[in-house]
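Undergrad: Any chance you can model this:
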Amino acid sequence: MKKNQMLLIALLFSSLMSIMAQENKTTIVKTGDAKWWKEAVIYQIYPRSFKDSDGDGIGDIKGIISKLDYLKSLGIDAVWLSPIYDSPNDDNGYDISNYREILKDFGTMADFDLLLKEMHKRNIKLIMDMVVNHSSDEHEWFKQSKSSRDNKYRDYYYWWPAEKGIPPYRWSFFDVNSNAWKYDATTNAYYLHYFSQKQPDLNWNNPTLRKEIYDIMAFWLNKGIDGFRMDAFQFISKDDSFPELPKEIVNNTLEIIKFYGNGPKLHEHIQEMNREVLSKYPDAMTVSEGAGDSPEAAMKFVDPARKELNLAYHFESVDIGNHVREFGLVKYKNIFSKYDEVFKDKGWLSIFVANHDQPRMVSKFGNDSPQFRAVSSKMLSTFVMTMRGTPYNFNGDEIGMVNIRFDNIEDYNDVDTRNKYVQLKNAGGDLKAFLENKKQTSRENGRTPFQWNASANGGFTTGKPWLKVNPNFTTINAESQEKDPNSVLNYYRKLVKVRKASPVLQYGKYTLLDKENPNVFSYTRELDGKKILVLLNFTEKEAAYNLGFSTDKSKIILSNYTKSKSMKINTLRPYEAIILELK
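TA: Below you'll find the predicted structure:
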C-alpha cells in the first residue's frame, strides 16, 4: 500500500473517531453525566419480613443470602436494606443502639460480610439504611448522656434543664401525647425525641457527634457497601435555643413537619458530611429521605454544584391520603410534572409508590380485588419503571402482594399505630373507625412476611412469624408465579429488562400528555431522536385518551394485557398499561 493511501486511511479513521467521540460527548451531556445509580433498578428489602432461615419467625441475613439468586433473576441492580444494626426494636430497627454491630435476630457480622460478598458476586450493589437523626435510648451515648449534666456525651443529645421551666412545645410523630419532650429525673431535665420516647434526637450542632457519625459511615463504606439511604435526614438540623413555634403552625401537623425540615444548618451539615466522607467514595449512592417540602427545596439536596447528595426521595407522591382515586389523578400527575420541571436539567429523583412506611401499592394506587389485582399491579410497576428518575421496588410488590387489613389492635406491632390508638382511647375517640382506617393506610400492611410459596406461613418461616402472614399466600406467592409466563412476577422481570435496555427510559426527556384526563396518565420519553410513549389507565373502567397525534404506526414494546389492542382506537382497557416506540 502506497504511503499516501495509508495516510488517507489514517486521516479518515481519525475523522471517524472524532465524530464518534463528539456524538458520545453530546449524548453524555444530554444524559446529565451518566451514573450507575441513575440507570439502576433499586429493590428494598425489609429484613424482618423477607426470609427466615432459622425458624425463629424473624427474617434474617442468611435468609436473604438464600434468595440472592431470586433477586438476580429479577434483574435488579441494587438492594436498599432496611436497618439490621443492633436495636431494641421499638421502631423495628429504626432505633439503633450500636451502629457497628448486627442485631442478633438478623445474624452476625460474618453473615453480613458473606451477604455483601455474595451480592457483589452477582453484580448486585448494597445500599444501607443509615438512621442518624436519632438513636435508641439504649445506645451507650444516651446512657452516658443522661447519667449526669457534665458527662462528655451530654451534648450528643438535646437537653432542656427543668429549672428553666417546661420547654417550648415540639410535636412528636410517635408519642402518645404528641409531645417531643420527655422528662428524665436522673438529671432533672427533658430530652428531645421527634419520634418515640425511645428515639432521642442526636445533636448535630455538636461537631464531636458529627465526627462520630462520619466515622460510622466510613466504617461501612470501607467494608465495601455501595451507599446510604439517609432516614429522616431532613430533620437533623435544629435551633437549640428552641424558640416558640409560630402560632399559625401549632395545630397543623404538615406545617410543623415543614418547619422541622428547614433547620438553620441543614445543608451546612450535609456539605460537611460530603467533604469529610462522601467525597472520598465517589461511586457511592446517597439518598435523602423526605428531601424538602417542594421541588426547589429537594433540589438543594442534590444539585451537583452544592456537593451534597445524589438522589432526592420526596414524599409528595405518596402523601395523598387513602387512595389515588380519592386524591385525583390530575393532581397526582401534576406532582410528578412539577418535580420533573425543576429536575429536568440537573439533580436526580427517586421514583416510587411504596416502601416500608406505606401500605401495599396495589391497595393504595391500584385495585386489590381478585379481578384487577394482577393487571393493576403490572400497571403500577410500568409507571415506576418508565418515569424519569431511579425506580424503587418494595419487596413483595413484584408479586402483587396486598394489604392484610388487621381487625384488632393486638395484631399490630407498629409503634406508630399502637401509640395513636392509645392516644385516641385516652381522648374517648372512635376506636372502631380508627382501626377501619388503618386497614387501608397502616404501614404494617406493607410489612407482612414475603409470600414465597403455598406452604405454611407462605414459606417465610417454619416458626411463628413475628407479624401475621397474609392468608392469601396460598394464591399469591412467588413460586406459583414462576410457572406462569403472564404472572405479575414475570411481567416485572420483562419491565426491568425493557428499562435497562433503554437509554430513552433511563435518561430521556419527560413530557406529560392529555394533562386534564382524570383517568389516563400518558407521557413521552425522548432522547437523541428516539421517542417512547407510555399509556396508563388508573381506573377499573375503559378509558379514552387524546394525545393530539396518531399512534397507528407505533410499535408496542410491552403491554400488561396478553391480547394486544388496536392502536387506532384511543381507549384503554381497565388498568391497561402500554409502552410504545413512536415512529
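
Undergrad: What count of nearby residues applies to A305?
TA: 7 (other CB atoms under 10 Å). Bear in mind the C-beta positions are built from the backbone N, C-alpha and C, glycine included.

Undergrad: part of a strand, is it?
TA: No - per DSSP: H, G, I helix; E, B strand; the rest coil, A305 lies outside any strand segment and is helix.

Undergrad: what residue is smack in the middle of this structure?
TA: N355 (5.3 Å; CA atoms, centre = their mean).

Undergrad: And the pLDDT at that residue?
TA: pLDDT, N355: 97.

Undergrad: Quick check: closest non-adjacent residue to it.
TA: F394 (5.3 Å; CB to CB, 6 or more residues apart in numbering).

Undergrad: is that neighbour in a bridge, and if so with what?
TA: Here F394 sits in beta bridges with Q44, going by DSSP bridges.

Undergrad: Run through the residues that contact it.
TA: The contact partners of F394, taken as CB atoms under 8 Å, 6 or more residues apart in numbering, are Q44, Y46, F352, A354, N355, H356, Q358, M361, G446.

Undergrad: Okay, and which of these map to helices?
TA: Per DSSP state H, helices hold the following members of the contacts of F394: M361.

Undergrad: Tell me the one of the contacts of F394 nearest L505?
TA: The nearest member of the contacts of F394 to L505, counting by CB to CB, is F352 at 15.9 Å.

Undergrad: number of nearby residues for that closest one?
TA: 23.

Undergrad: what's near enough to touch the residue lying closest to it once chain neighbours are set aside?
TA: Leaving aside its chain neighbours, F352 sits nearest to Y392 (3.9 Å; criterion: CB to CB, 6+ apart). Listed by CB under 8 Å, 6+ apart, the contact partners of Y392 are I42, Y43, Q44, W80, S350, I351, F352, N355, V384.

Undergrad: okay, now the first one: neighbour count?
TA: By the criterion of other CB under 10 Å, I42 has 24 neighbours.

Undergrad: Just to check, it is in contact with T390?
TA: Yes - if you go by CB atoms under 8 Å, I42 and T390 touch, sitting 6.2 Å apart.

Undergrad: Identify the contacts common to those two.
TA: S350.

Undergrad: Could you export the contacts of Y392 to CSV, including columns for distance to F434?
TA: Converted to CSV, those look like this (distance: CB to CB, whole Å):
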residue, distance to F434
I42, 33
Y43, 33
Q44, 28
W80, 31
S350, 31
I351, 32
F352, 27
N355, 23
V384, 31
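
Undergrad: mind listing which of those are in strands?
TA: I42, Y43, Q44, W80, S350, I351 (DSSP state E).

Undergrad: quick one: which of those is nearest to E244?
TA: Using CB to CB, the ones in strands among the contacts of Y392 come closest to E244 at S350, 34.9 Å.

Undergrad: Does that closest one touch S288 like I think?
TA: No - using CB under 8 Å as the test, S350 is too far from S288 to be in contact (9.4 Å).

Undergrad: Make a markdown table from the contacts of F394 and add distance to E398 to it.
TA: Formatted as a markdown table, those follow (distance: CB to CB, whole Å):
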| residue | distance to E398 |
| --- | --- |
| Q44 | 11 |
| Y46 | 14 |
| F352 | 13 |
| A354 | 11 |
| N355 | 14 |
| H356 | 15 |
| Q358 | 15 |
| M361 | 10 |
| G446 | 13 |
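
Undergrad: hmm, back to that, S350 and S288: which is more packed in?
TA: Taking other CB under 10 Å, S350 and S288 do not tie; S288 has more neighbours (28 against 24).

Undergrad: Am I right that that one falls within a helix?
TA: No - using three-state DSSP, the assignment for S288 is strand, not a helix.

Undergrad: give me every residue that touches it.
TA: Per CB under 8 Å, 6+ apart, neighbours of S288: M230, F233, Q234, I270, F301, V302, L309, L311, A312, Y313.

Undergrad: Rounded mean pLDDT for stretch 527-545, please.
TA: Per-residue scores along stretch 527-545 average to 97.

Undergrad: same thing with stretch 186-195?
TA: 98.

Undergrad: how about that stretch: buried residues?
TA: T187, A189, Y190, Y191, L192, H193, Y194, F195 (16 or more other CB atoms under 10 Å).

Undergrad: Is it possible to get a markdown table of the residues you listed that adds secondary structure and distance to A374?
TA: Below are those laid out as a markdown table (DSSP: H, G, I helix; E, B strand; the rest coil; distance: CB to CB, whole Å):
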| residue | secondary structure | distance to A374 |
| --- | --- | --- |
| T187 | coil | 58 |
| A189 | strand | 56 |
| Y190 | strand | 52 |
| Y191 | strand | 49 |
| L192 | strand | 46 |
| H193 | coil | 42 |
| Y194 | coil | 40 |
| F195 | coil | 37 |
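
Undergrad: Let me know the closest of these to H134.
TA: Closest to H134, out of all of the buried residues of stretch 186-195 and judged by CB to CB, is F195, at 6.0 Å.

Undergrad: from what I can see that closest one touches R170, true?
TA: No - taking contacts as CB under 8 Å, F195 lies outside contact range of R170: 11.6 Å.

Undergrad: neighbours around T108, how many?
TA: So T108, with other CB under 10 Å, has 14 neighbours.

Undergrad: dump the residue contacts of it.
TA: Neighbour list for T108: I61, I102 [criterion: CB under 8 Å, 6+ apart].

Undergrad: could you redo the last one with a cut-off of 10 Å?
TA: I61, K62, E101, I102, L114 (CB atoms under 10 Å, 6 or more residues apart in numbering).

Undergrad: looking at those, which has the most residues close by?
TA: I61 leads the contacts of T108 on contacts (other CB under 10 Å) with 27 neighbours.

Undergrad: How much space separates it from N205?
TA: I61 sits 35 Å away from N205, taking CB to CB, to the nearest Å as the criterion.

Undergrad: for the stretch 251-400 of the chain, what are the low-confidence residue spans?
TA: Counting by pLDDT under 70, the stretch 251-400 of the chain contains no low-confidence range.

Undergrad: And the helices in it?
TA: Using DSSP state H, counting those that start in this stretch, the helices of the stretch 251-400 of the chain run over residues 253-260, 266-276, 295-302, 324-327, 329-343, 361-365, 373-386.

Undergrad: Identify whichever of those helices lies nearest to N517.
TA: helix 329-343 (7.5 Å).

Undergrad: for the closest one, packing partners?
TA: Other helices and strands packing on helix 329-343, by 3 or more CB pairs under 10 Å, 6 or more residues apart in numbering; DSSP states H and E, are helix 295-302, strand 311-313, helix 324-327, strand 509-513, strand 520-527, strand 530-537.

Undergrad: Let me have these in TSV, adding mean neighbour count and distance to F473 as columns.
TA: Shown next, in TSV, are the helices and strands packed on helix 329-343 (neighbours: other CB atoms under 10 Å; distance: least, CB to CB, whole Å):
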stretch	mean neighbour count	distance to F473
helix 295-302	20	38
strand 311-313	26	30
helix 324-327	16	26
strand 509-513	16	37
strand 520-527	21	31
strand 530-537	22	28
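
Undergrad: Could you export these as TSV, including distance to M401?
TA: As requested, the helices and strands packed on helix 329-343 are exported to TSV (distance: least, CB to CB, whole Å):
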stretch	distance to M401
helix 295-302	29
strand 311-313	22
helix 324-327	18
strand 509-513	29
strand 520-527	23
strand 530-537	21
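
Undergrad: out of these, nearest to N151?
TA: Evaluated over the helices and strands packed on helix 329-343, closeness to N151 peaks at helix 295-302, with 33.8 Å, by CB to CB.

Undergrad: the inter-axis angle of that closest one versus helix 329-343?
TA: Relative orientation of helix 295-302 versus helix 329-343 (axes from the mean of the first three to the mean of the last three CA atoms, to 10 degrees): 40 degrees.

Undergrad: what comes into contact with helix 295-302?
TA: Contact partners of helix 295-302, identified using CB under 10 Å, 6+ apart, comprise 230, 233-234, 258, 261-262, 266-267, 270, 286-288, 290-292, 294, 306, 308-314, 316, 335, 338-343, 346-350.
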